[in-house]
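A.B. asks: Sharing a model prediction with you, sequence too.
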Amino acid sequence: MSHADLPLTDALVDYIRTVSPEEPDYLRRLREETALHPRARMQITPEQGHFLGLLVRMLGATRAIEVGVFTGYSSIAVARALPAKGLLIACDVSEEFTRIARRYWQEAGLSAKIDLRLAPAMETLRGLLDAHQAGHFDFAFIDADKTNYLGYYEHCLELLRPGGLIAIDNTLWSGRILEEHSDDPDTVALREVNRFVAQDERVWSCLLPIGDGLTLALKR
């Protein structure tokens, strides 16, 4: 038995996409539009989108949080999987990026499910806690500024019900996570998050080599 994951060549990625559920036309166009953006690497892959949607459906989630919207691909992946009266609180600070997202949310018929909060995410999460929303959410996806990941994790964990799930993106950081002597703030922050979550007795967790690394933490 191999102790290493199979390297994902372009041919294998193409194969995975041919045997995966078909991407809706609006998601394909959003992905292609975002690919032209200078920060295109911030967008999740179609495989991650399918996986997030599957997780949301498996949880039977009705209320979700997203920290970091960018152009909206992950928002759509999550919101599509919520029931008709489901709600996604989407946190971002960029009017520029989320202008694109809102356009595609509207086209996908998901605007009513997505509550965009244009403010620092920590403020939004604290506001939800102050509004007595602790334990009222089922799922959270964290994909924003890395130096605040640990704070986002703590706030989201408090907002989740027992049995709720946090998904944290970029936890392999294109392999830079191995640079133990790096003083890059993002790399340092991600190493800290990975160590912390692995030892956190409030959750069951695993780190998966999906996309740029995806950590799942299930609240006990």
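C.D. replies: Perfect, I can see it now.

A.B. asks: and residue 30, how far is that from residue 161?
C.D. replies: 31 Å (Cβ to Cβ, to the nearest Å). In short, each C-beta sits where N, CA and C put it, glycine included.

A.B. asks: quick one: which of these two has more around it?
C.D. replies: Applying other Cβ atoms under 10 Å to residue 30 and residue 161 shows that residue 30 carries more neighbours, namely 24 against 15.

A.B. asks: got the contact list for that one?
C.D. replies: Taking Cβ atoms under 8 Å, 6 or more residues apart in numbering, we find residue 30 in contact with 71, 72, 73, 76, 100, 104.

A.B. asks: Show the contacting residues for the residue nearest to residue 113 when sequence neighbours are not counted.
C.D. replies: Take residue 113 and drop its neighbours on the chain: the residue closest to it by Cβ to Cβ, 6 or more residues apart in numbering is residue 79, 4.6 Å away. Residues near residue 79 by Cβ under 8 Å, 6+ apart: 64, 86, 88, 105, 108, 110, 113, 114.

A.B. asks: again, only this time at 7 Å
C.D. replies: Shown in contact with residue 79 (Cβ atoms under 7 Å, 6 or more residues apart in numbering): 88, 110, 113, 114.

A.B. asks: Show me what the most centrally placed residue in the chain bridges to in the sheet.
C.D. replies: Geometric centre of the chain, nearest residue: residue 141, 3.5 Å, by Cα atoms, centre = their mean. Beta bridges link residue 141 to residue 66, residue 167 when assigned by DSSP bridges.

A.B. asks: returning to what we had before: give the next helix or strand downstream of the strand or helix carrying the residue nearest to residue 113.
C.D. replies: Residue 79 is part of helix 73-81 when elements are defined by DSSP states H and E. Using DSSP H and E, the next helix or strand after helix 73-81 towards the C-terminus is strand 87-92.

A.B. asks: what lines up beside that following strand in the sheet?
C.D. replies: strand 63-67 (parallel), strand 114-118 (parallel).

A.B. asks: Next one: the residue nearest to the centre of the chain from residue 212, what distance?
C.D. replies: Distance from residue 141 to residue 212, by Cβ to Cβ: 14 Å.

A.B. asks: sorry, back to before: any of the contacts of residue 79 buried? List them.
C.D. replies: Neighbour counting by 16 or more other Cβ atoms under 10 Å classes 88, 110, 113, 114 among these as buried.

A.B. asks: what are the ranges of the strands in this structure?
C.D. replies: 63-67, 87-92, 114-118, 137-142, 160-169, 203-208, 214-219 (DSSP state E).

A.B. asks: from the chain's centre, how far out does the lowest-mean-pLDDT helix or strand in the chain sit?
C.D. replies: Lowest on mean pLDDT, DSSP states H and E among the helices and strands of the chain sits helix 10-18, with a mean of 89. Distance of helix 10-18 from the chain centroid (Cα atoms, centre = their mean, to the nearest Å) equals 22 Å.

A.B. asks: Residue 190: how many residues sit nearby?
C.D. replies: 24.

A.B. asks: where in the chain is pLDDT low?
C.D. replies: 1-6 (pLDDT under 70).

A.B. asks: related to what we said a few turns ago, make a markdown table from the contacts of residue 30 and add distance to residue 44 and neighbour count to it.
C.D. replies: Below are the contacts of residue 30 laid out as a markdown table (distance: Cβ to Cβ, whole Å; neighbours: other Cβ atoms under 10 Å):
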| residue | distance to residue 44 | neighbour count |
| --- | --- | --- |
| 71 | 10 | 26 |
| 72 | 11 | 29 |
| 73 | 6 | 24 |
| 76 | 10 | 26 |
| 100 | 15 | 19 |
| 104 | 14 | 21 |
